[in-house]
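Student: Generate a structure from the sequence data that follows.
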Amino acid sequence: MKVSILGTGGWGLALGKILHGNGHSIEFWTPSLTEVELLAKEREYKDKLPGIELPKEFKYSTEMSLVVKDSDMLVLAVPSQFMENVAQQLGECPAPEKIPIVVNATKGISEHSLKRMSEIILSHVQWLSEEEIAVLSGPTHAEEIAREVYSAIVVASKNEVCAKIIQGAFSNKTFRVYTSQDVVGVELCGSIKNIIAIAGGIIDGLGIGVGDNTKAALITRGQAEICRLGEVLGANPRTFSGLAGIGDLIVTCMSHHSRNRFVGEQIGKGKTLNDILAHIKMVAEGVPTARSAYILAQKVGVEMPIVNAVYEVLFEQKDPRTAIEELMTRELKSE
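Tutor: Numbering: from 1, shown residues only. Below you'll find the model as predicted:
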């Protein structure tokens, strides 16, 4: 297949490497001519995927309409805060004669519309229907995927045939893909777990008075919050105990690869959010999603105390220890 990937971050490049290894033709779009020249010349992106040699067959372009033309599969792997703009540009491209399968590989919830990423894509790309779109999510750090570390992930689509085509395109001896029809649940899991990972990083950064017990409690109760929100929004409860749910939550809260955990760790050590974001080279999706999820939970009437606490620490300068103490001394209740 010809696969077009919108986005040249670590995740997009890692997915491209998987697909190329499976025999597919890969072309990337980026709005940056500097990135096009760097990637074509260096065949490595040291800031985003250091130490990984990229295939010489990879093609790069700033012309989205040319990249998308004649594609069999289109993968969107841009940061969530840029998805609206990218989806608008995609919608302005000429409608292809053959509609490609579209894979959303971005995790997040829009700060403005509170929409999931697939909803944003569908709202701007008029030639695309729910039958041709899928979401890809799970416990898969780009750094390890690019090095062919054994991993598993979920692709969800309302169209089972669409999901199985994507499953076949990505699967190989180190990358196992499962299918699902729960688009809502898979996207919510991938979005909200980044907020819980920030909280996990705060625990790591604080040090004294917090530990493995604290992290285990956080992951478990964070999972409960994701489940409550998902239930209200129509997700399948089984999704939350699978790879896109508890699997991704565990790895993001625990791994040294996690940018969201890193942001939380630095906050726990006393640094300000602005200072952290000014020096981090890649996007921590949990930061804007914390604001979105905070508003969304209030809108639909779902209690999410951990999400609320992270929001207050990030945007209202609440002391992390105060936030933890308030969580621990809430009204007692049954599990």
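Student: How is Tyr53 assigned, secondary-structure-wise?
Tutor: Actually, residue 53 is Glu rather than Tyr. Classification of Glu53 using DSSP: H, G, I helix; E, B strand; the rest coil returns coil.
Student: Read off the pLDDT value for it.
Tutor: Note on Glu53: pLDDT of 97.
Student: how near is it to Arg147?
Tutor: 11 Å (CB to CB, to the nearest Å). Placement of C-beta: from N, CA and C, glycine included.
Student: ok, now Arg321?
Tutor: According to CB to CB, Arg321 and Arg147 sit 37 Å apart.
Student: Ser32 too?
Tutor: Using CB to CB, Ser32 is found at 25 Å from Arg147.
Student: Could you give the number of residues near Glu144?
Tutor: By other CB atoms under 10 Å, 17 other residues sit near Glu144.
Student: wait, it sits on Ala152?
Tutor: No: using CB atoms under 8 Å, Glu144 makes no contact with Ala152, being 11.8 Å away.
Student: Report all helices and strands that the helix or strand of the chain with the lowest mean pLDDT contacts.
Tutor: None of the helices or strands of the chain scores lower by mean pLDDT, DSSP states H and E than helix 273-279, at a mean of 91. The contact analysis (3 or more CB pairs under 8 Å, 6 or more residues apart in numbering; DSSP states H and E) places helix 273-279 against helix 259-268.
Student: could you redo the last one with a cut-off of 10 Å?
Tutor: helix 259-268, helix 286-300, helix 305-315 (3 or more CB pairs under 10 Å, 6 or more residues apart in numbering; DSSP states H and E).
Student: mind listing what's buried in that helix?
Tutor: By neighbour count on 16 or more other CB atoms under 10 Å, the buried set for helix 273-279 is Leu273, Ile276.
Student: any residues touching that helix, and which ones?
Tutor: Under the criterion CB atoms under 10 Å, 6 or more residues apart in numbering, residues 198, 262-267, 269, 271-272, 283-284, 287, 313-315, 317 lie in contact with helix 273-279.
Student: so what's Glu37 up against?
Tutor: Glu37 sits next to Tyr60 when contact means CB under 10 Å, 6+ apart.
Student: as a whole number, average confidence for the longest helix along the chain?
Tutor: In the chain, with assignment by DSSP state H, the single longest helix is helix 183-206. The pLDDT scores in helix 183-206 average 97.
Student: now do stretch 227-235
Tutor: 97.
Student: Likewise for stretch 33-46?
Tutor: 95.
Student: can you give me how far that stretch is from the chain middle?
Tutor: 23 Å (CA atoms, centre = their mean, to the nearest Å).
Student: And stretch 195-203, by the same measure?
Tutor: Once both centres are worked out by CA atoms, centre = their mean, stretch 195-203 turns out to sit 16 Å from its chain's centre.
Student: Which positions within that stretch qualify as buried?
Tutor: Ile195, Ile196, Ala197, Ile198, Ala199, Gly200, Gly201, Ile202, Ile203.
Student: Only alpha carbons, please: show that stretch as CSV.
Tutor: These are the backbone C-alpha positions of stretch 195-203, laid out as CSV (Å, rounded to 0.1, in the frame of the first residue of the first chain):
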residue,chain,number,x,y,z
ILE,A,195,-3.3,13.3,32.9
ILE,A,196,-2.9,10.4,35.4
ALA,A,197,0.7,10.0,34.2
ILE,A,198,1.4,13.6,35.1
ALA,A,199,0.2,12.8,38.6
GLY,A,200,2.4,9.8,38.6
GLY,A,201,5.4,11.9,37.7
ILE,A,202,4.5,14.3,40.5
ILE,A,203,4.7,11.4,42.9
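Student: does the residue nearest to His112 when sequence neighbours are not counted count as helix, strand or coil?
Tutor: In this structure, His112 finds its nearest non-sequential neighbour in Glu84, 7.3 Å apart by CB to CB, 6 or more residues apart in numbering. Under three-state DSSP, the three-state class of Glu84 is helix.
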